[in-house]
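Here is a sequence with its predicted model. Questions after.
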Amino acid sequence: PDGNGGEISVNPREELSTIANTNDDEVIQESVERLARLFNEDLPMFCVDEKFEQSFIDRDGWQFPAQEESKHFQTFWPMYWLAKQDELKATSAAED
(Lines give C-alpha, C1' and ligand atoms only; values in the text may rest on other atoms or scores of the structure.)
Protein backbone atom coordinates (compact mmCIF):
# COMPACT_ATOMS: atom_id res chain seq x y z
CA PRO A 1 0.00 0.00 0.00
CA ASP A 2 1.18 3.55 -0.71
CA GLY A 3 -0.56 5.06 2.33
CA ASN A 4 -3.12 6.87 0.16
CA GLY A 5 -5.38 3.95 -0.73
CA GLY A 6 -3.28 2.88 -3.72
CA GLU A 7 -0.38 0.53 -4.17
CA ILE A 8 3.23 0.93 -5.15
CA SER A 9 5.61 -1.57 -6.69
CA VAL A 10 9.23 -1.48 -5.51
CA ASN A 11 12.20 -3.32 -7.01
CA PRO A 12 14.94 -3.16 -4.33
CA ARG A 13 17.76 -3.78 -6.82
CA GLU A 14 16.61 -0.94 -9.06
CA GLU A 15 16.19 1.41 -6.10
CA LEU A 16 19.68 0.63 -4.78
CA SER A 17 21.13 1.09 -8.25
CA THR A 18 19.38 4.45 -8.53
CA ILE A 19 20.82 5.55 -5.18
CA ALA A 20 24.31 4.41 -6.14
CA ASN A 21 24.29 6.06 -9.57
CA THR A 22 22.72 9.47 -9.04
CA ASN A 23 23.76 12.73 -7.43
CA ASP A 24 20.26 14.18 -7.34
CA ASP A 25 19.25 14.44 -3.67
CA GLU A 26 15.54 14.48 -4.49
CA VAL A 27 15.76 11.25 -6.51
CA ILE A 28 17.82 9.62 -3.75
CA GLN A 29 15.28 10.72 -1.10
CA GLU A 30 12.39 9.25 -3.10
CA SER A 31 14.23 5.92 -3.53
CA VAL A 32 15.10 5.76 0.16
CA GLU A 33 11.47 6.44 1.10
CA ARG A 34 10.24 3.64 -1.19
CA LEU A 35 12.80 1.23 0.28
CA ALA A 36 11.86 2.27 3.82
CA ARG A 37 8.18 1.66 3.08
CA LEU A 38 9.00 -1.75 1.60
CA PHE A 39 11.14 -2.69 4.61
CA ASN A 40 8.56 -1.47 7.11
CA GLU A 41 5.72 -3.31 5.36
CA ASP A 42 7.74 -6.51 5.19
CA LEU A 43 9.16 -6.31 8.70
CA PRO A 44 6.79 -4.23 10.88
CA MET A 45 8.70 -4.73 14.11
CA PHE A 46 11.74 -3.43 15.88
CA CYS A 47 14.65 -5.86 15.67
CA VAL A 48 16.70 -6.29 18.80
CA ASP A 49 19.97 -8.12 18.45
CA GLU A 50 22.04 -8.90 21.48
CA LYS A 51 25.12 -11.03 21.71
CA PHE A 52 27.94 -11.69 24.09
CA GLU A 53 31.52 -11.83 22.90
CA GLN A 54 34.54 -13.00 24.83
CA SER A 55 38.19 -12.89 23.88
CA PHE A 56 40.98 -14.70 25.65
CA ILE A 57 44.56 -13.53 25.29
CA ASP A 58 47.45 -15.88 25.99
CA ARG A 59 50.46 -13.84 27.03
CA ASP A 60 53.03 -16.51 26.07
CA GLY A 61 55.04 -15.34 23.08
CA TRP A 62 53.32 -11.96 22.78
CA GLN A 63 54.26 -8.44 23.78
CA PHE A 64 51.39 -6.00 24.16
CA PRO A 65 50.55 -2.96 26.30
CA ALA A 66 48.97 -3.11 29.72
CA GLN A 67 45.18 -3.18 29.68
CA GLU A 68 44.98 0.36 31.06
CA GLU A 69 47.27 1.72 28.32
CA SER A 70 45.21 0.64 25.33
CA LYS A 71 41.59 1.43 24.52
CA HIS A 72 41.66 -1.53 22.11
CA PHE A 73 41.27 -3.99 24.99
CA GLN A 74 37.73 -2.63 25.35
CA THR A 75 36.73 -3.56 21.77
CA PHE A 76 35.27 -6.76 20.40
CA TRP A 77 38.04 -9.07 19.20
CA PRO A 78 41.04 -7.27 20.77
CA MET A 79 43.41 -9.78 19.16
CA TYR A 80 42.57 -8.26 15.78
CA TRP A 81 42.55 -4.62 16.90
CA LEU A 82 45.79 -4.84 18.87
CA ALA A 83 47.63 -6.13 15.81
CA LYS A 84 45.96 -3.60 13.52
CA GLN A 85 47.04 -0.74 15.80
CA ASP A 86 50.58 -2.18 16.08
CA GLU A 87 50.13 -2.87 19.79
CA LEU A 88 50.57 -6.66 19.56
CA LYS A 89 53.96 -8.07 18.67
CA ALA A 90 55.35 -11.58 18.65
CA THR A 91 58.40 -12.20 20.82
CA SER A 92 61.16 -14.75 20.32
CA ALA A 93 59.23 -17.13 22.61
CA ALA A 94 56.52 -17.32 19.94
CA GLU A 95 58.96 -19.06 17.60
CA ASP A 96 59.57 -21.93 20.01
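Nice, thanks for sending it over.

After the helix or strand hosting residue 30, which helix or strand is next?
Using DSSP states H and E, residue 30 maps to helix 25-42. Next in sequence after helix 25-42, counting helices and strands by DSSP H and E, comes strand 62-63.

Which helix or strand in this structure has the lowest average pLDDT?
Using mean pLDDT, DSSP states H and E, helix 78-84 stands out as the lowest-scoring helix or strand of the chain, at a mean of 68.

Tell me the first helix or strand C-terminal of it.
Next in sequence after helix 78-84, counting helices and strands by DSSP H and E, comes strand 89-90.

Report all helices and strands that that following strand contacts.
strand 62-63 (3 or more C-beta pairs under 8 Å, 6 or more residues apart in numbering; DSSP states H and E). Heads up, the C-betas are built off the backbone N, CA and C, glycines and all.

what are the pairing partners of the strand it packs on, and which direction each?
strand 89-90 (antiparallel) (DSSP bridges).

returning to that earlier point: any idea of the mean pLDDT in the helix holding residue 30?
For helix 25-42, the mean per-residue pLDDT is 86.

buried set for it?
Neighbour-count burial for helix 25-42, counted by 16 or more other C-beta atoms under 10 Å, picks out 31, 34-35, 38.

Near residue 86, how many other residues are there?
The number of residues packed near residue 86 is 7, by other C-beta atoms under 10 Å.

How much space separates the closest residue to residue 63 other than its chain neighbours from residue 65?
What sits nearest to residue 63 in space, not counting adjacent residues and going by C-beta to C-beta, 6 or more residues apart in numbering, is residue 89, at 4.7 Å. Relative to residue 65, residue 89 is positioned 10 Å away (C-beta to C-beta, to the nearest Å).

can you check residue 34 too?
Counting by C-beta to C-beta, the gap from residue 34 to residue 65 is 49 Å.

again with residue 87
In terms of C-beta to C-beta, residue 87 sits 5 Å off from residue 65.

So which of those two has more stuff around it?
Per other C-beta under 10 Å, whichever of residue 87 and residue 65 has more neighbours is residue 87, with 17 against 13.

list the contacts for that one?
Counting by C-beta atoms under 8 Å, 6 or more residues apart in numbering, residue 87 makes contact with 64-65, 70, 72.
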